[in-house]
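Colleague: I'd like to go over a predicted model; first the sequence, then the structure.
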Protein chains: 4
Amino acid sequence: MAKSKEDVVQEFRVQSIQEAAIRVIARKGMASATMQEIAEEAGVAKGTIYLYFRDRDELVEKTFETAIGELHKRIDAALESDGPFAQRLRAVITAKLAFFNENREFFRLYHTLRMPEGSATQQRRQKRTCQPQYRARVDRLAAHLKSAMDAGEVRPLDPKRLALCLIETSTAIVLERLSEDAPPPESDDVELIVSTLLSGIAAK
Amino acid sequence: MAKSKEDVVQEFRVQSIQEAAIRVIARKGMASATMQEIAEEAGVAKGTIYLYFRDRDELVEKTFETAIGELHKRIDAALESDGPFAQRLRAVITAKLAFFNENREFFRLYHTLRMPEGSATQQRRQKRTCQPQYRARVDRLAAHLKSAMDAGEVRPLDPKRLALCLIETSTAIVLERLSEDAPPPESDDVELIVSTLLSGIAAK
Amino acid sequence: MAKSKEDVVQEFRVQSIQEAAIRVIARKGMASATMQEIAEEAGVAKGTIYLYFRDRDELVEKTFETAIGELHKRIDAALESDGPFAQRLRAVITAKLAFFNENREFFRLYHTLRMPEGSATQQRRQKRTCQPQYRARVDRLAAHLKSAMDAGEVRPLDPKRLALCLIETSTAIVLERLSEDAPPPESDDVELIVSTLLSGIAAK
Amino acid sequence: MAKSKEDVVQEFRVQSIQEAAIRVIARKGMASATMQEIAEEAGVAKGTIYLYFRDRDELVEKTFETAIGELHKRIDAALESDGPFAQRLRAVITAKLAFFNENREFFRLYHTLRMPEGSATQQRRQKRTCQPQYRARVDRLAAHLKSAMDAGEVRPLDPKRLALCLIETSTAIVLERLSEDAPPPESDDVELIVSTLLSGIAAK
DNA sequence: CATGAATGAGAATTCATTCAT
DNA sequence: AATGAATGAATTCTCATTCAT
């Protein structure tokens, strides 16, 4: 039951186009990324994109989902590993930094889609995909925080807001690292985040 | 040296247009906010906008700067007040939450501009304004953190990264509050952020 | 309460564009008449058309209605004049031939719209405008035929089908005249149609 | 001299495609009937159509000719039968109504092509085929009318214009019947047309 | 100064046609 | 012969910007 040659080609095209989309969006920004340029970047004709994606919105949406899926897979693996909370937290942050280091160009797409933009249609789509995606991530992380609180590993605080802080703190560091010519070793930043979060910044 | 009548009218126009821009961008998103709609919202003709702003980009840029300036003024006041670091930190967070509560519509503009978008020209402009603005904020906060470290109020960590974490954590909470129908009292969220930052989340 | 200058200009533009549309459709056919070419023909920019008409469909629809309205006005006047039925019939046919002689270019638009074409949207529009227009004409003529029957001027036959025959017979002659380099005098064709309809073609 | 298997297949393909074209055009209208949909309807691949027809225009043209040929065969048979003119006329009208009743879907193609549409190329093609086809029909019918006049069966009138009236009258009735849910018996409409044409509509 | 009609560059999308398999 | 993925010309529509009034 191996994949037929057609399936392989199909998959390859879809992937090429999505990668091109990410690169172009990274370069030009969501609003200025044209189908023409994405097509050129992918090395196909404009019309070809429409063989694989209904329209621009679907291309962006599917591209986002594909890329974010990979990130989520990695984070979930880290989150659900065994060990004390501190260790799992460290693994999650490490995974996130590593992912965006490997997929630097994806970050702009990721960031742009955090805020609903554009036409009513697009906003509906946004609500359907990116927002829920994000909420789901927050909720999942919040659940783990709750467990850690119940286990006495984390002091009792609003888990959902804590999750937000955690996510955005690491995102901020990712964004910073991406803009740096020579960022410090990943592990330094991981340590900073984990340590700050766990122990706070106040001198003892 | 009173303002001439012309200056007053000029100032009024500029302000009307900028406020209209913020409202329309909040409503439609950066990409779908048209000059036409901004003009209507401001109660002037499309052409009039061009008497006060070179082009759309400059309108957005100046609007951003005006609005963000107010925020920065408030934050700086909090930051430079007397008292222990913890108290100043609390004041800063409080100021930020209050500002965005009063200027909810500005938030989308603020968020959108965090990531450079659009044409090469726009990107250059972005780099000239928003990015440096942001860097400057980070640096200023970092300087205060450094002082607090030197004063033994904060344990020694990279001040710049700490500043980033602080800024983004509070931004995340703002974003969350804006999307909530009935957000908790501001003071609760301020307390959460300050407490987490200072003492960390680990159970003792 | 004279028309303001703006109204005059507006009316002039609308009329120019509609006339251009009719000419281009006459030249290229409905399907090949592009907005670009209509704009050029009207001596305005593409975008200008969209200031006066929502989209291509509305342009065609409104253009059709404007032009057909004039024809209908003339036919109704003829139909509702006094005198014996034969005389009114003659007047109607005369009006129709004269109208299409004066508005030769409109004929292709008229003919094309007799049959629903194109997208689902367009078909709905068609049903809303052209079809009912046509049915209404048929019904009105049928009513007059019925009166003539009741008055003993016309022998009893299905008035609606008779109306159809009458309309299409004259349309056929119009179409023929338009394709002729030197058509016979209008009165000859009017006479032929009226005489055939009233007395038939059979030798006595 | 039996047909080779290849010829049979070829013929079958051509026929399938033409029938599909007629159905799709009937459904979507000439302008919205795509090669893709015709191919699907015919159960072949898009490319296959191009093995049998040079391009879309030729497909439409040949399809029209094939279908109209059948109608013409039937009409000619009726026209050239023996018997008095009135009887032959009745037979012609009957044949036409029956044909379009059996080939309802063909009617839209027939009607659309009555007026030249599309590109210059297509218009030339149109002039080469549909127009001459139509003229030929008119001329042939006119010749028969002339004979009938010479034989004293029909009173002297312009035979060509009479032919036009006859053709369009019956076409109008066909169009009407196709749009009716429950049209009257064919014979009723035939009788109406024949009677009107022969004897006129005036009360004696 | 203010206006808003006019402009036209530019973007998304469609679809007839080609051609490698 | 048949296929259908790929192509890109062509089309519609939008909107920032200009400029005559």
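Modeller: Ah, there it is.

Colleague: can we go C-alpha only for contacts and neighbour counts from here?
Modeller: Fine.

Colleague: so, in contact with chain D or not, the helix or strand containing residue A:50?
Modeller: Following DSSP states H and E, one finds residue A:50 within helix A:46-52. No - if you take CA under 8 Å from any CA of the partner chain as the test, helix A:46-52 misses chain D, and the best it gets is 13.2 Å.

Colleague: what about the next helix or strand along the chain from that helix, average pLDDT?
Modeller: Counting by DSSP H and E, the next helix or strand C-terminal to helix A:46-52 is helix A:56-79. For helix A:56-79, mean pLDDT rounds to 95.

Colleague: circling back: what's the helix holding residue A:50 packed up against?
Modeller: helix A:35-42 (3 or more CA pairs under 8 Å, 6 or more residues apart in numbering or on different chains; DSSP states H and E).

Colleague: circling back to that earlier point, quickly check: the helix holding residue A:50 near DNA strand F or not.
Modeller: Yes - judged by CA under 7 Å from any atom of the strand, helix A:46-52 comes into contact with DNA strand F through A:46-48, A:51.

Colleague: Among these, find me the one that's closest to residue D:136.
Modeller: For the residues of helix A:46-52 next to DNA strand F, the closest approach to residue D:136 (CA to CA) belongs to residue A:47, at 44.0 Å.

Colleague: Show the contacting residues for that closest one.
Modeller: The contact partners of residue A:47, by CA atoms under 8 Å, 6 or more residues apart in numbering or on different chains, come to none.

Colleague: ok, now which ones touch the residue nearest the centre of chain A?
Modeller: For chain A, residue A:68 is the residue whose C-alpha lies nearest the centre (CA atoms, centre = their mean; 4.4 Å). Applying CA under 8 Å, 6+ apart, one finds that residue A:68 lies in contact with residue A:110.

Colleague: From residue C:170, how far out is it?
Modeller: Look at residue A:68 and residue C:170: by CA to CA, to the nearest Å, they are 68 Å apart.

Colleague: ditto for residue A:194
Modeller: Using CA to CA, residue A:194 is found at 89 Å from residue C:170.

Colleague: Out of the helices and strands in chain A, which is least certain?
Modeller: Every helix and strand in chain A was compared by mean pLDDT, DSSP states H and E; the lowest is helix A:120-128, with a mean of 60.

Colleague: Just checking, which helix or strand succeeds that helix along the chain?
Modeller: Going down the chain from helix A:120-128, the next helix or strand is helix A:130-150, by DSSP H and E.

Colleague: Just the buried residues of that next one, please?
Modeller: Residues of helix A:130-150 classed as buried by neighbour count (16 or more other CA atoms under 10 Å in any protein chain shown): A:130-131, A:133, A:137-142, A:144-146, A:148-149.

Colleague: And for stretch A:62-73?
Modeller: Buried, per 16+ other CA under 10 Å, within stretch A:62-73: A:63-65, A:67-68, A:71-72.

Colleague: What distance do you get for the residue in chain A that chain B sits nearest to to DNA strand F?
Modeller: Residue nearest to chain B within chain A: residue A:200 (3.5 Å; CA to the nearest CA). Remark: distance between residue A:200 and DNA strand F (CA to the nearest atom of the strand, to the nearest Å) = 45 Å.

Colleague: I'd guessed that residue sits against residue B:200; true?
Modeller: Yes - Residue A:200 lies in contact with residue B:200 (CA atoms under 8 Å); the separation is 3.5 Å.

Colleague: what about the closest residue to chain D within chain A, how many neighbours?
Modeller: Going by CA to the nearest CA, chain D is nearest to residue A:51 of chain A, at 13.2 Å. Residues lying near residue A:51 (other CA atoms under 10 Å in any protein chain shown) number 12.

Colleague: related to what we said a few turns ago, could you export the buried residues of stretch A:62-73 as TSV, including distance to residue B:7?
Modeller: Converted to TSV, these look like this (distance: CA to CA, whole Å):
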residue	distance to residue B:7
A:63	50
A:64	48
A:65	51
A:67	52
A:68	51
A:71	54
A:72	55
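
Colleague: Tell me the pLDDT of residue A:152.
Modeller: 94.

Colleague: my bad, residue A:133
Modeller: 83.

Colleague: Likewise for residue A:29?
Modeller: 88.

Colleague: Spell out which parts of chain A neighbour DNA strand E.
Modeller: Contacts of chain A with DNA strand E, taken as CA under 7 Å from any atom of the strand, map to A:32-36, A:46-48, A:50, A:54-57.

Colleague: let's go with 6 Å and repeat that
Modeller: Counting by CA under 6 Å from any atom of the strand, chain A comes close to DNA strand E at A:34-36, A:46-47, A:50, A:55-56.

Colleague: Out of these, which end up buried?
Modeller: If you count burial by 16+ other CA under 10 Å, the buried members of these come out as A:34-35, A:46.

Colleague: Around the closest residue in space to residue A:145 that isn't next to it in sequence, how many other residues sit close by?
Modeller: Closest residue to residue A:145 apart from its sequence neighbours, by CA to CA, 6 or more residues apart in numbering or on different chains: residue A:159 at 5.8 Å. Residue neighbour count, defined by other CA under 10 Å, stands at 21 for residue A:159.

Colleague: what residues are up against residue A:159?
Modeller: Residue A:159 is in contact with A:142-143, A:145-146, counting by CA under 8 Å, 6+ apart.

Colleague: what do you get if the cut-off is 10 Å, keeping everything else the same?
Modeller: A:138-139, A:141-149, A:165 (CA atoms under 10 Å, 6 or more residues apart in numbering or on different chains).

Colleague: wait, doesn't residue A:178 sit right on residue A:100?
Modeller: Yes - here residue A:178 reaches residue A:100: they are 8.3 Å apart, a contact under CA atoms under 10 Å.

Colleague: Burial check on the closest residue to residue A:101 other than its chain neighbours, number of neighbours?
Modeller: Counting by CA to CA, 6+ apart, residue A:178 is the residue found nearest to residue A:101 once chain neighbours are left out, at 7.6 Å. Residue A:178 has 17 neighbouring residues, counting by other CA under 10 Å.

Colleague: And the furthest pair within the contacts of residue A:159?
Modeller: Greatest spatial distance among the contacts of residue A:159 (CA to CA): A:147 and A:165, at 17.3 Å.

Colleague: rewinding a little: what touches both of residue A:178 and residue A:100?
Modeller: Common neighbours of residue A:178 and residue A:100 (criterion: CA under 10 Å, 6+ apart): residue A:107.

Colleague: doesn't residue B:196 make contact with residue A:154?
Modeller: No - in this structure, residue A:154 is not within contact of residue B:196 by CA under 10 Å, at 11.1 Å.

Colleague: Overlap in contacts, those two.
Modeller: With CA under 10 Å, 6+ apart as the test, residue A:154 and residue B:196 both reach A:198, B:202.

Colleague: re earlier: tell me which helix or strand the residue nearest to residue A:101 sits in.
Modeller: helix A:159-179.

Colleague: Centre of the chain to that helix, how far?
Modeller: Counting by CA atoms, centre = their mean, to the nearest Å, helix A:159-179 is centred 11 Å from the centre of its parent chain.

Colleague: so what secondary structure elements neighbour whatever helix or strand comes next after it?
Modeller: Going down the chain from helix A:159-179, the next helix or strand is helix A:186-199, by DSSP H and E. On a contact count with 3 or more CA pairs under 10 Å, 6 or more residues apart in numbering or on different chains; DSSP states H and E, helix A:186-199 meets helix A:85-102, helix A:159-179, helix B:159-179, helix B:186-199.

Colleague: For the first one, the averaged confidence score.
Modeller: Same thing as helix A:85-102. 96.

Colleague: same deal with the last one?
Modeller: The predicted model assigns helix B:186-199 a mean pLDDT of 95.

Colleague: buried stuff in that helix?
Modeller: For helix B:186-199, the buried set under the neighbour-count rule, 16+ other CA under 10 Å, comprises B:186, B:189-190, B:192-199.
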